[in-house]
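Engineer: pasted the sequence and its predicted model underneath.
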Amino acid sequence: MHKRLAIALATAATLAACNQDPTGVTTSEVMLAQNAQLIARDVANSTRATHEGWVRRLLDTLRTTDDPEARAFLAQARDYGAQARAAYEAGDREAAREFARLAFRSVLSAVIEIYPNAPERTGLAVDNAISRIETFLGDREAPRIRRILEHVEGLRTEADAALAAGDKVTALALNVRGMQILHRLVEHVRDNHRDHDEIADSEMQGVSL
């Protein structure tokens with residue numbers, strides 16, 4: 001995957017999916033979001049249960065350990081990334097997004113090959129972040145933050161259902177998406193993003209292999 005492609009896709013997604021309403025969020029809620037984001041990042045840093053964290057761990061492991069299946073998934077991811085770049089340069093953004101999605105899932109497959117419990121560990125980290133943020137908020141007025149937390153909780157429910165059905169890749173994809181949203185909570189709250197999922201996925205697809 002190529003960082004310039006991901007940035008371009010993220011920019012396009014942001015322009016299409018975000019509606020900035022500077023009068024709709026209070027300064028106090030933005031400040032609460034800043035503190036809540038620090039909580040999420042503290043959880044992410046301590047667990048490394050983010051997409052970037054898993055990728056870095058995967059690449060570090062493969063420097064000293066041979067795993068043909070994981071390497072095959074990474075080769076597949078790079079191939080999809082090349083196809084995404086070609087499609088984007090040809091002006092076919094829909095195809096570029098689809099190839100980028102496939103590349104993303106191939107990377108997650110490689111992670112799971114090395115770390116089979118990655119979906120569960122990431123889910124627990126997201127749950128921990130949500131719990132700590134909710135405790136921090138208490139009964140304060142923070143409607144945008146609470147809507148985002150509800151959305152991430154919905155992703156967690158979907159992830160658990162996917163895991164129960166044996167689809168570990170989808171489970172991990174949903175869990176790292178939830179963590180990414182919390183990891184960038186301030187932007188989602190301040191800019192009133194309408195499509196948290198697409199923005200989070202585009203940001204994660206910018207992680208270099």
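Structural biologist: Yep, that arrived.
Engineer: what does the one helix or strand residue 37 maps to contact?
Structural biologist: Residue 37 belongs to helix 27-47 when assigned by DSSP states H and E. Applying CB atoms under 8 Å, 6 or more residues apart in numbering, the contact partners of helix 27-47 are 49-50, 53, 121, 125, 128-129, 132-133, 136-137, 140-145, 179, 182-186, 189-190. Where C-beta positions appear, they are placed from N, C-alpha and C, glycine not excepted.
Engineer: quick one: buried ones out of those?
Structural biologist: Applying 16 or more other CB atoms under 10 Å to the contacts of helix 27-47, the neighbour count classes 49-50, 53, 121, 125, 128-129, 133, 137, 142, 144-145, 179, 182-186, 189-190 as buried.
Engineer: report the separation between the spatially most central residue of the chain and residue 57.
Structural biologist: For the chain, the residue nearest the mean C-alpha position is residue 177 (3.0 Å; CA atoms, centre = their mean). Counting by CB to CB, to the nearest Å, the gap from residue 177 to residue 57 is 18 Å.
Engineer: and the residue nearest to residue 61 when sequence neighbours are not counted, how far from residue 158?
Structural biologist: Closest residue to residue 61 apart from its sequence neighbours, by CB to CB, 6 or more residues apart in numbering: residue 114 at 5.5 Å. Using CB to CB, residue 114 is found at 24 Å from residue 158.
Engineer: over to residue 112?
Structural biologist: Residue 112 sits at a distance of 17 Å from residue 158 (criterion: CB to CB).
Engineer: got phi/psi on residue 193?
Structural biologist: Dihedral pair for residue 193: phi -60, psi 140, per degrees, to the nearest 10.
Engineer: quick check: bridge partners of it?
Structural biologist: On the basis of DSSP bridges, residue 193 is bridged to residue 18.
Engineer: give me the number of residues near it?
Structural biologist: 23 (other CB atoms under 10 Å).
Engineer: ok, now residue 61?
Structural biologist: Residue 61 has 14 nearby residues by other CB under 10 Å.
Engineer: residue 70 against residue 116, yeah?
Structural biologist: No - counting by CB atoms under 8 Å, residue 70 does not reach residue 116; the two are 11.5 Å apart.
Engineer: neighbour count winner among those two?
Structural biologist: Just comparing residue 70 and residue 116: by other CB under 10 Å the higher neighbour count belongs to residue 70, 21 against 10.
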